[in-house]
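J.: from the sequence below, what's the structure:
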Amino acid sequence: MALLVYVDDIMLVSNKDSAVIEIKQILAKEFKLKDLGQMRYFLGLEIARSKEGISISQRKYALELLEEFGYLGCKPVPTPMELNLKLSQEDGALIPDASYYRKLIGKLVYLTVTRPDICFAVNKLSQYMSAPREPHLNAARRILRYLKNDPGQGVFYPASSTLTLRAFADADWSNCPESSKSISGVCVFLGDSLISWKSKKQDAVSRSSAEAEYRSMANATCELQWLNSMLEDLQVPLVDTIVVYCDNESALNIAKNSVLHERTKHFTRDIHVVREKVAAGFITTLHVETEHNIADLLTKPLTALKFNYLLSKMGLHHLYSPS
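T.: Take a look at the predicted model:
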């Protein structure tokens, strides 16, 4: 059984209905409870069940967001960020009311809980909260126009899925024009279910694309360690070795070969967790072609064609779209 508490909202998850009933009775003796039955709505998340699986979306939240900022009737766009868009701290005029921008980005951050497709764009724009400018606001408004395409899109967890962990790691080398730092993208699947995703600027400047990709693999490895530990606590046994996919051959060689000292002596030691876990047999690393690397969607703006192709591989669900 797992029990999640957020202030005065409680969610119970168990593979036995009798256990749920028993814990409810125990809690009712100490606290005044209101039993809402099977979960359908929790902290802005809409949960729908069927024989095929569970769908989680934030449709109501997304529609309220569009209405609040006046974009409920806007013309939609195919991608959340314009291709080859370059943003900086200095370009463009400062917007008169910075709180408007901060409020918009804050609400979009919460939407990334079920929308990995906007994760990169929101992460990028959140870096300009201190002094937002007109180009930053225009880019944020484009995300709203993108959401108009399908406000009800969310993640889907199929009922029949293998208990195997696999991760995709990618990096866009020297993406930030001001700091020259790279962007890491990581997404993790349990069977066919997307359970974790992240788009984040790296902490240090990478001297090569191989180093940037290796840092992204380190992020994926740390995420897999945490997920594996949580699954062990929930007594969920994995049926196979954990796999990390990367599209950079040099980074894959570094992960497997400790002899490559000349190419890695400037790396910080913490990212060699990849090599350690490969040697221990905890993970295995495999090559994937760049056009099929799902994590590429989390590192930079893409064309509509490639964006939609990678998005389809994430196994997202369009619950409210007509069939």
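
J.: which parts of this structure are helices?
T.: In the chain, the helices defined using DSSP state H lie at 17-30, 59-68, 98-111, 119-125, 134-147, 209-233, 249-256, 261-264, 273-280, 304-313.

J.: and the ones you listed: which comes nearest residue 169?
T.: helix 209-233 (4.1 Å; Cβ to Cβ). (Each C-beta comes from the backbone N, C-alpha and C, glycine too.)

J.: can you add distance to residue 163, mean pLDDT and mean neighbour count and give the helices of the chain back as CSV?
T.: Output for the helices of the chain, formatted as CSV (distance: least, Cβ to Cβ, whole Å; pLDDT from 0 to 100; neighbours: other Cβ atoms under 10 Å):
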stretch, distance to residue 163, mean pLDDT, mean neighbour count
helix 17-30, 21, 90, 11
helix 59-68, 29, 93, 17
helix 98-111, 29, 94, 16
helix 119-125, 25, 94, 23
helix 134-147, 33, 94, 20
helix 209-233, 8, 91, 20
helix 249-256, 24, 86, 19
helix 261-264, 34, 58, 12
helix 273-280, 19, 88, 17
helix 304-313, 20, 92, 15
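
J.: I'd like those helices as CSV, with distance to residue 286 appended.
T.: Formatted as CSV, those follow (distance: least, Cβ to Cβ, whole Å):
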stretch, distance to residue 286
helix 17-30, 39
helix 59-68, 35
helix 98-111, 32
helix 119-125, 24
helix 134-147, 32
helix 209-233, 11
helix 249-256, 8
helix 261-264, 20
helix 273-280, 11
helix 304-313, 16
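
J.: quick one: which of the ones you listed is nearest residue 164?
T.: helix 209-233 (11.1 Å).

J.: gap between that closest one and the chain center?
T.: Relative to its chain's centre, helix 209-233 lies at 13 Å (Cα atoms, centre = their mean, to the nearest Å).

J.: same question, stretch 34-41
T.: How far stretch 34-41 lies from its chain's middle: 27 Å, per Cα atoms, centre = their mean.

J.: ends of that stretch, how far apart?
T.: From its first residue to its last, stretch 34-41 covers 14 Å (Cα to Cα, to the nearest Å).

J.: quick check: mean pLDDT of that stretch?
T.: Mean per-residue pLDDT for stretch 34-41: 87.

J.: residues in contact with that stretch?
T.: Applying Cβ atoms under 8 Å, 6 or more residues apart in numbering, the contact partners of stretch 34-41 are 11, 24, 46, 47, 48, 49.

J.: if any of those are buried, put those into a PyMOL selection.
T.: Selecting only the buried entries of the contacts of stretch 34-41 in PyMOL, with 16 or more other Cβ atoms under 10 Å as the criterion:
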select buried, resi 46+48
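
J.: how about the contacts of stretch 34-41 in TSV, adding distance to residue 207?
T.: Formatted as TSV, the contacts of stretch 34-41 follow (distance: Cβ to Cβ, whole Å):
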residue	distance to residue 207
11	46
24	57
46	45
47	45
48	48
49	49
